[in-house]
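S.K.: Based on what follows, work out the 3D shape:
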Amino acid sequence: MGKKKKKKVAKRLTASATTTAAPAKAVKKKAKAPAKVKNKLSAPDAAAKVLKGASTPLKAGVLAERMKNAGLWSSSAATPANTIHAALSTEIKKKGAKSRFTLVKGEGFALRSGTTVKKKATKKKVAKKKKAVA
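M.R.: Residues are numbered from 1 along each chain as shown. Presented below is the predicted three-dimensional model:
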C-alpha cells in the first residue's frame, strides 16, 4: 500500500471509532385505550337470568337485546347475537346434560328444568366462607 492509501484507511478507522452511534429514535407512547366497561355477568350467567323470567324459549338475538336492556351484559362485538349463540352452544356441548341450557329446535334457547340461577357472590359471603374454612 502506498502512503496515501494508508493515511485514508487510518482516517477511516479513527473516524469510525470516535463517532458515536446515532441517537435512538424517540419511542412514541401509545395512547391508553379508554377503560372498558366490565360486564357485570358472563354471557351465559346473564342469559340464565333473562331466561328464568321468560315463559318461552328465546332466540339469541332477543336474548342479547334483553340482556343489554336489563344492564346485565354488553358487548362491543359487531354481532352480539352470534356471541350469545356461541357461548350458550359451547356450554351445551361441553357440559351436555349438566348444562343449564337446552336448544329447542326452531324456537331458541331455554333453561333446563330444575336449573337454578347463580347469584353473584358478595364480599360478605366471600368473607364468611373464608372464616368458615379457617
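
S.K.: low-scoring stretches of this structure, by residue?
M.R.: Counting by pLDDT under 70, the chain shows low-confidence ranges at 1-39, 114-134.

S.K.: For it, which segments count as strands?
M.R.: Using DSSP state E, the strands of the chain run over 101-104, 108-111.

S.K.: What is the neighbour count of the nearest residue to residue 59 once chain neighbours are set aside?
M.R.: Nearest non-adjacent residue to residue 59, counting by Cβ to Cβ, 6 or more residues apart in numbering: residue 108, 3.9 Å away. In short, each C-beta sits where N, CA and C put it, glycine included. Residues contacting residue 108 under the criterion other Cβ atoms under 10 Å number 19.

S.K.: residue contacts, residue 108?
M.R.: Shown in contact with residue 108 (Cβ atoms under 8 Å, 6 or more residues apart in numbering): 57-60, 62-63.

S.K.: what's the distance between it and residue 50?
M.R.: Residue 108 sits 11 Å away from residue 50, going by Cβ to Cβ, to the nearest Å.
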